[in-house]
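# Show me how the following folds:
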Amino acid sequence: MFFFIIAFFGIAALFAFVRLFVLYITNVVPLVESSLSSPFQRAAFLAASSQHSGDWLHALPIYLFIYLIVRIVSKTLRYTG
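Modelled structure (predicted):
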């Protein structure tokens, strides 16, 4: 998305887009937070909107490690047996 804006409109348009996005988020977050009714909803919203809440999405999946270990072990057993 950002590359499209830079390619067709230039870097100034990118900065304007980012500024509008930040203004939108700063206006929407208090509106959503005020509409939450229970403490559970408020806690879930605050947890989801915290600074590093999405960091786990950048981690490698554990099944990738299991797949690699099984593959290494099977190749090792194939060549030693």
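
# so how far is residue 48 from the residue most central in space within the chain?
For the chain, the residue nearest the mean C-alpha position is residue 54 (4.6 Å; C-alpha atoms, centre = their mean). Residue 54 sits 9 Å away from residue 48 when distances are taken as C-beta to C-beta, to the nearest Å. Quick note: C-beta positions are derived from backbone N, CA and C, even for glycine.

# what touches both of the two?
The contact sets of residue 54 and residue 48 do not overlap (C-beta atoms under 8 Å, 6 or more residues apart in numbering).

# what helices or strands is the longest helix belonging to the chain leaning on?
If you go by DSSP state H, the chain has its longest helix at helix 11-35. Where contact means 3 or more C-beta pairs under 8 Å, 6 or more residues apart in numbering; DSSP states H and E, helix 11-35 is packed against helix 2-9, helix 39-48.

# Among the ones you listed, show the one with the smallest mean pLDDT.
Mean pLDDT is lowest for helix 2-9 among the helices and strands packed on helix 11-35, at a mean of 64.

# ends of stretch 28-45, how far apart?
Taking C-alpha to C-alpha, to the nearest Å, stretch 28-45 runs 13 Å from one end to the other.

# Please state the offset of that stretch from the chain centre?
Offset of stretch 28-45 from its chain centre (C-alpha atoms, centre = their mean, to the nearest Å): 20 Å.

# try stretch 70-81
So, by C-alpha atoms, centre = their mean, the centroid of stretch 70-81 is 37 Å from its chain's centroid.

# Thanks a lot, see you next time.
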